[in-house]
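**Student:** here is a sequence together with a model predicted from it:
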Amino acid sequence: MFIFISALAAIIPMSAYLVFIWWLDKYDREPFKLVLQNYLWGAIGAIIFAVLGSIIFSTILSEFISNKDELNYLGTIVVAPVVEEITKGIFLLITVTNKKFDNITDGIVYGGAIGLGFGMTENFLYFISYGVTMSDWITIVIIRTLFSAVMHCVTTATFGAFLGYAKFKGAAHKIFLPVAGLIIAILIHFSWNFTVSYQSTAILGFLFLGVTIIIFIAIFSASVMNEKKIIIDELLPEVALGIIPNEHLMILCSTNRNHRGWVDENIRKPYIKAATTLAFRKRQMQSSKGHSKEFYESEVNNYRQFIKNLFASSGAVNA
């Protein structure tokens, strides 16, 4: 029963956080299947490799440090942030190659998913290992659900944001920005572990993470608002071309697009998806070269034709 309750306490909050982050990406939500894959990597793959990495690093350090307490301290403060951020983030290097990975917002969603998956499994292990009494268990559940697991979400999402920003930049940016993002993620993780390791600085750790979460939310919100701007900027020329009706432009970049009545209900959902993707593909085409540029040019033409066909099939006029 104790293990079952601990599993629920670990799974339910992290799953709720995951759905919430995915839902906040309101203009171009990622395929939930792909988000879930990243979540499961954090929950299983990253955990396994983090344990193996920690064992390897601790074994190496034990050759130079004989004091067990000092070794455990370094493992928590230094080894864990480095190993865990690398094992969590490595899957993002695969995800970023997916055509659906478009920008900073997507990086935050996928990175956050990995961090939440990692936090879920780590929480479960902590709940069953250190929840000796009911009061201890409740305290651990609260602290780890509200802070420690969220820290994992924020750090990997930070790395993801840098990957998203770098995706359509030049070669130098694609090297420098991911490294910078990983370092920042490690520093956030290190700062949290370091401050909460001492009673005298624990309050600083909670304040630091609180401020970090606020900054994280602000960046996420700004990125979502930038997506709205992209939709307006890139679909405005489509209005001139007769692809998108003028009266639809502001609706397509607002929550009103989810309401009925402004377009034939039979085509509303595919139309929203196609128009939004068209806007992003146009922006990506501008930042691409070679075969990648050819792909996005093809996508732009395909989505234009798809929208025309939607209106034709519904009997509506889009010009």
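**Tutor:** Yep, it's here.
**Student:** and the residue most central in space within the chain, what is it in contact with?
**Tutor:** Centroid check for the chain by C-alpha atoms, centre = their mean gives Val109 as the closest residue, at 2.3 Å. Val109 makes contact with Ile21, Trp22, Asp25, Glu30, Val35, Ala157, Gly160, according to C-beta atoms under 8 Å, 6 or more residues apart in numbering. In this view, the C-beta of every residue, glycine as well, is placed from N, C-alpha and C.
**Student:** helices along the stretch 1-150 of the chain, start to end?
**Tutor:** Remark: helices assigned in the stretch 1-150 of the chain by DSSP state H, counting those that start in this stretch are 2-24, 32-40, 46-62, 68-74, 80-89, 92-95, 104-130, 134-143, 149-166.
**Student:** what residue ranges in the protein score low on pLDDT?
**Tutor:** Within the chain, the stretches with pLDDT under 70 are 315-319.
**Student:** residues near the nearest residue to Trp23 once chain neighbours are set aside, how many?
**Tutor:** Excluding the flanking residues, the one nearest Trp23 by C-beta to C-beta, 6 or more residues apart in numbering is Arg29, at 7.6 Å. Look at Arg29: counted by other C-beta atoms under 10 Å, it has 17 neighbours.
**Student:** over to the one 5 residues further on?
**Tutor:** A count of nearby residues for Leu34, using other C-beta under 10 Å, gives 17.
**Student:** check contacts around Gly89.
**Tutor:** When contacts are counted by C-beta under 8 Å, 6+ apart, Gly89 touches Gly111, Ile114, Thr156, Phe159, Gly160, Leu182, Ala185.
**Student:** what about the fifth one, distance to Ile138?
**Tutor:** If I follow you right, that is Gly160. Look at Gly160 and Ile138: by C-beta to C-beta, to the nearest Å, they are 32 Å apart.
**Student:** kindly list the longest helix within the protein.
**Tutor:** For the chain, the helix that runs over the most residues, judged by DSSP state H, is helix 202-241.
**Student:** buried residues, that helix. List them.
**Tutor:** Within helix 202-241, the residues that count as buried by 16 or more other C-beta atoms under 10 Å are 205-206, 208-209, 212-213, 216, 219-220, 223-224, 227, 230-231, 234-235, 238-239.
**Student:** report all helices and strands that the helix or strand immediately after that helix in the chain contacts.
**Tutor:** Next along the chain after helix 202-241, taking DSSP states H and E as the criterion, comes helix 249-252. Secondary-structure packing of helix 249-252 (3 or more C-beta pairs under 8 Å, 6 or more residues apart in numbering; DSSP states H and E): helix 202-241, helix 268-286.
**Student:** which one of those lies nearest to Glu297?
**Tutor:** For Glu297, the closest of the helices and strands packed on helix 249-252 is helix 268-286, at 5.7 Å, according to C-beta to C-beta.
**Student:** what's the next secondary structure element after the closest one?
**Tutor:** Once helix 268-286 ends, the next helix or strand along the chain (criterion: DSSP H and E) is helix 290-314.
**Student:** which other helices and strands contact that next one?
**Tutor:** Here helix 290-314 touches helix 268-286, going by 3+ C-beta pairs under 8 Å, 6+ apart.
**Student:** quick one, phi/psi of Thr97?
**Tutor:** Main-chain torsions, Thr97, degrees, to the nearest 10: phi -80, psi -10.
**Student:** next one: the one 5 residues further on
**Tutor:** The phi and psi torsions at Asp102 (degrees, to the nearest 10) take the values phi -110, psi -40.
**Student:** skipping its backbone neighbours, what lies nearest it in space?
**Tutor:** Using C-beta to C-beta, 6+ apart, the closest residue to Asp102 is Phe280 (5.4 Å).
**Student:** burial check on the one you found, number of neighbours?
**Tutor:** Neighbour tally, Phe280, other C-beta under 10 Å: 23.
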